[in-house]
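Trainee: this one's sequence-less:
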């Protein structure tokens, strides 16, 4: 399957031959036609061709590839399923792509200590499917969980609808085996220890977007299925009321497993998509709210949620009557981004975070950005933790509209940063939001981060050009010892 | 209060005079008699005299002191309430101690977004006391919470009895202002964002034991009080049954807010201490179990906990009948370490972590270590998360017994490491467990950590000689690029 079809050998140079010697002839791609699928990831605005794609089968092969690249100054990067939305796996410098797609086994499950060990290429949802018969599941649930890999989840510190209650990937990682950019293999493990000794390297690696090392084995926390869960759908005539209901639910002391919101344009999209639910088209906002836990507590929480919604002028509110109905509501939500394709030729997903209390203010600003740019913006997002996903609808065939969409996206992020929020909640920075890092970090703060990168990656061969603003605007800034007292 | 009483001026050199110029004459100690209280922290086995102790009132003064020390090559370190148990605040190199004790204000509380901003010297319990009238609390609750400071909690990533359900300090920190060792001030904030962009500097700083920077402002998460809580006390005739009850409760899918255990010797100690409860003296183990949350769910969980205890041959099990009774049980537990003073002239607290399923095996090993050393060992610990606290009872007046106690402590940590556990759960490494870091980290892994330290702290002036094994055994190891493939 991975053997190149034409043996023109034009691209098979000495490096390719050496890499082939490490992984074997069936586990490397290097001809142009084979490489085309690897020129971008889920962020399709930029494309670049890799030098080759290799498919190691174990840690030793990954380490050998990395050592070869390191010694021969070949840029390289790791890739999982390529579903990342910020361009973290795009080979900007003609990298050797190390695909972890063939390291896709569930290595062990320890139910007693609630841990599972997986290879990085193991698909997220497969873990829950593998342990659900015993009553367990893996909590982080990005919308792409049907295809995305846990290795990629670690790189991006992936979130998901249920992260409001259960936390993001970093809260579920108990151990990592990592190949460092010089080819050394280290194990980082806390075995579920509350405060493991030394620096928190595991936290540092998680979410480092493939810039510090390549994860080759992952120990994750698994959770016991909650006794019960219940889901509520609430329709509001205006966004303001919906936003206030979100705050109201949290203020009531309830921590829902999920608390999702869609606005009018988003509803138009999902209803035109593959999983319509029959939402009324004239509402301004809907909330999808799920609670889980001990059965006895669920009914009480649902009662309280209904009361909050009513006090916020909800038009209609209903509780899922069956697991099937619940499943339909979630399919409608989880396929929401893709559904925008039904109402727009193109769309750009943005990902910003704000304090929950700023929701009405920022949604209003996004609606102004929409008017200013002349582009429709749909909002479909994790309202409970203030993680916005403005979907900017545009038509790339109309000259100038792509640029307008990118500008509108940046304006949305600026709006988030301006209220004390952040430029990414779960999609990462990659190449998409490098420059926007300046919205929230000073030069000193960026330098502290890039210096950490240099420790791991002194030759800058691993996933170069990601995560931080370009050198000309950051790294070359002359280092002046600031007289902080004088400055203040 | 801080003015030195005798003006011999023998120790007032040019550096002291310059530091005095920064903080003012009432905010510096430098005479020997004034410095004596600062020669150790809660780890009293080692002592060393600081050069001076300064009491800055704000971030600018901290930065100015740090810059002065940095420029003049004076070693320095930060100190909170000095309750740390591993020696992290001991001035091994005659440091200038920067006490954060006068930066002790609660700066703001934002109930809507559930955040509070405190100065580092603010006492842990004061935060809960300040917000409890509004129905909120701060979760991390180290036993020293009456005196320890939140700045110190950040440095040590402090835990506590209720961390089983709510997580340790790092799970409750939303933002930090940090003075770096060169005097630069940076802000690290995720504002409660699930996955903040860039590297997780906040996670890296939290638990770095004062070796990377000095925290001058902290934004923490505050939580809504649970609707209800209920507490159970269970007595067992043997430790094995008690351990199996711990696993049984967790396996039942319950996550108690706390799940504490004491063995026979510990019970003897707490009953001889200031807060006796009347525990039977002939039992082998007791469990103190607390559940909290939605009222409706609590009764159901308590029923299940009682059933698990009964199935594990519990001798007696009772539910607290009043808030007063609950308070007594907790006072008995939280003052447990100190209570050992009633049955032994000296004691050494150890702090190791193991997978929950290894509890019976490791407790048996600790009992062997007790026999081998001829010293009694009491166990009083966070059983739910496998965080052991062997208390080694000894008499420092008996020649050789202190050494025996230290050896027994190391043997306990080795026993934890041998079953895949760790050498510290919440007390940190400090100077106490530097060499034991080798039980769980390879040279490569230690080097990855020390290289991060060098990034922040290139001149090694900040809290030197802590956290990592001494250079002769670690840093000077010749760096050989390992051929991992060949080695395996």
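Mentor: Cool, the structure landed. Owing to the predicted nature of the structure, the values given are computational and were not obtained by experimental measurement.

Trainee: okay, now residue A:299: neighbour count?
Mentor: By other CB atoms under 10 Å in any protein chain shown, the residues close to residue A:299 number 15. To be clear about C-beta, it is placed using only N, CA and C from the backbone, and glycine gets the same treatment.

Trainee: isn't it up against residue B:294?
Mentor: No: Residue A:299 is beyond contact range of residue B:294, at 9.9 Å (criterion: CB atoms under 8 Å).

Trainee: residues from the stretch 351-488 of chain A in reach of chain B?
Mentor: A:353, A:355-357, A:385-387, A:420-426, A:428-429, A:433, A:437, A:440-442, A:444-446, A:448-449, A:451-456, A:467-468, A:481-482, A:484-485, A:488 (CB under 8 Å from any CB of the partner chain).

Trainee: just the helices in the stretch 1-150 of chain A please.
Mentor: If DSSP state H, counting those that start in this stretch is used as the criterion, the helices of the stretch 1-150 of chain A fall at A:14-23, A:32-35, A:59-71, A:124-131, A:150-156.

Trainee: which one of those helices has the lowest average pLDDT?
Mentor: Of all those, mean pLDDT reaches its minimum on helix A:32-35 (a mean of 93).

Trainee: before we move on, back to that, among the helices of the stretch 1-150 of chain A, which comes closest to chain B?
Mentor: Between chain B and the helices of the stretch 1-150 of chain A, the tightest spacing by CB to the nearest CB is seen for helix A:59-71, at 4.5 Å.

Trainee: quick one: that closest one to chain centroid distance?
Mentor: Computed by CA atoms, centre = their mean, to the nearest Å, the separation of helix A:59-71 from the middle of its chain amounts to 27 Å.

Trainee: coming back round to it: of the helices of the stretch 1-150 of chain A, which is nearest residue B:108?
Mentor: When the helices of the stretch 1-150 of chain A are compared by CB to CB, helix A:150-156 sits nearest residue B:108, at 32.5 Å.

Trainee: what's the closest one packed up against?
Mentor: Helix A:150-156 sits against strand A:76-79, helix A:124-131, strand A:214-221, with contacts defined as 3 or more CB pairs under 8 Å, 6 or more residues apart in numbering or on different chains; DSSP states H and E.

Trainee: make it 7 Å
Mentor: Packing partners of helix A:150-156 (3 or more CB pairs under 7 Å, 6 or more residues apart in numbering or on different chains; DSSP states H and E): helix A:124-131, strand A:214-221.

Trainee: parallel or antiparallel, list what pairs with the helix or strand that comes right after the last one.
Mentor: In the C-terminal direction, the helix or strand that comes right after strand A:214-221 (DSSP states H and E) is strand A:223-224. Using DSSP bridges, the neighbouring strands of strand A:223-224 in the sheet come out as strand A:136-137 (antiparallel).

Trainee: contacts for the strand it pairs with?
Mentor: Strand A:136-137 has contacts (CB atoms under 7 Å, 6 or more residues apart in numbering or on different chains) with A:111, A:128, A:131, A:222-225.

Trainee: in PyMOL, how would I select just the buried ones from the residues of the stretch 351-488 of chain A next to chain B?
Mentor: In PyMOL, this line selects whichever of these come out buried by 16 or more other CB atoms under 10 Å in any protein chain shown:
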select buried, chain A and resi 353+355+356+357+385+386+387+421+422+423+424+425+426+428+429+433+437+440+441+444+445+446+448+449+452+453+455+456+467+468+482+484+485
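
Trainee: now, the residues of the stretch 351-488 of chain A next to chain B that are in helices?
Mentor: Among those, the members falling in helices are A:444-446, A:448-449, A:451-456, A:484-485 (criterion: DSSP state H).

Trainee: taking these together, which two end up most distant?
Mentor: Greatest spatial distance in these: A:456 and A:485, 33.6 Å, computed using CB to CB.

Trainee: check what pLDDT residue A:432 gets.
Mentor: The model's pLDDT for residue A:432 equals 90.

Trainee: pretty sure it contacts residue A:88?
Mentor: No: with contact taken as CB atoms under 7 Å, residue A:432 and residue A:88 are classed as non-touching, separated by 8.9 Å.

Trainee: in a helix, residue A:188, correct?
Mentor: No: applying DSSP: H, G, I helix; E, B strand; the rest coil, one finds residue A:188 to be strand, outside a helix.

Trainee: quick check: residues of the stretch 201-350 of chain A near chain B?
Mentor: A:201, A:203-204, A:207-208, A:224, A:227, A:247, A:253, A:293-294, A:296-297, A:300-301 (CB under 7 Å from any CB of the partner chain).

Trainee: only the buried subset of the contacts of strand A:136-137, as a ChimeraX command please.
Mentor: Selecting just the buried residues from those in ChimeraX takes one command, with 16+ other CB under 10 Å as the test:
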select /A:128,131,222,223,224
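
Trainee: can you redo the contacts of strand A:136-137 as JSON lines with distance to residue B:316?
Mentor: Below are those laid out as JSON lines (distance: CB to CB, whole Å):
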{"residue": "A:111", "distance to residue B:316": "31"}
{"residue": "A:128", "distance to residue B:316": "41"}
{"residue": "A:131", "distance to residue B:316": "37"}
{"residue": "A:222", "distance to residue B:316": "34"}
{"residue": "A:223", "distance to residue B:316": "32"}
{"residue": "A:224", "distance to residue B:316": "28"}
{"residue": "A:225", "distance to residue B:316": "33"}
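
Trainee: of the contacts of strand A:136-137, which pair is most distant in space?
Mentor: The span of the contacts of strand A:136-137, defined through CB to CB, is set by A:111 and A:128 at 14.0 Å.

Trainee: so who does residue A:198 touch?
Mentor: Shown in contact with residue A:198 (CB under 7 Å, 6+ apart): B:429, B:437, B:441, B:449, B:467.

Trainee: now do 8 Å
Mentor: Residues counted as contacts of residue A:198 (CB atoms under 8 Å, 6 or more residues apart in numbering or on different chains) are B:429, B:437, B:441, B:446, B:449, B:467-468.

Trainee: and these near chain A, which?
Mentor: When contact is defined as CB under 8 Å from any CB, the contacts of residue A:198 meet chain A at B:429, B:437, B:441, B:446, B:449, B:467-468.

Trainee: and the most centrally placed residue in chain A, what does it touch?
Mentor: The residue lying closest to the centre of chain A (CA atoms, centre = their mean) is residue A:427, at 3.5 Å. Residue A:427 is in contact with A:84-86, A:156, A:349, A:351, counting by CB under 8 Å, 6+ apart.

Trainee: now render the contacts of residue A:198 as JSON lines, adding pLDDT and distance to residue A:286.
Mentor: As requested, the contacts of residue A:198 are arranged in JSON lines below (pLDDT from 0 to 100; distance: CB to CB, whole Å):
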{"residue": "B:429", "pLDDT": "93", "distance to residue A:286": "50"}
{"residue": "B:437", "pLDDT": "92", "distance to residue A:286": "52"}
{"residue": "B:441", "pLDDT": "90", "distance to residue A:286": "50"}
{"residue": "B:446", "pLDDT": "91", "distance to residue A:286": "52"}
{"residue": "B:449", "pLDDT": "90", "distance to residue A:286": "48"}
{"residue": "B:467", "pLDDT": "94", "distance to residue A:286": "51"}
{"residue": "B:468", "pLDDT": "93", "distance to residue A:286": "53"}
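
Trainee: which residues of the stretch 351-488 of chain A fall in strands?
Mentor: For the stretch 351-488 of chain A, strands defined by DSSP state E, counting those that start in this stretch occupy the ranges A:352-353, A:377-382, A:387-388, A:390-394.

Trainee: counting contacts, what elements does the second one pack onto?
Mentor: Meaning strand A:377-382. Against strand A:377-382 (3+ CB pairs under 8 Å, 6+ apart) you get strand A:258-263, helix A:264-272, helix A:359-373, strand A:387-388, strand A:390-394.

Trainee: tell me which of the ones you listed sits nearest to residue A:59.
Mentor: It's strand A:387-388; of these, that one is closest to residue A:59 (CB to CB) at 33.9 Å.

Trainee: what is the mean pLDDT for the closest one?
Mentor: Rounded mean pLDDT across strand A:387-388 is 93.
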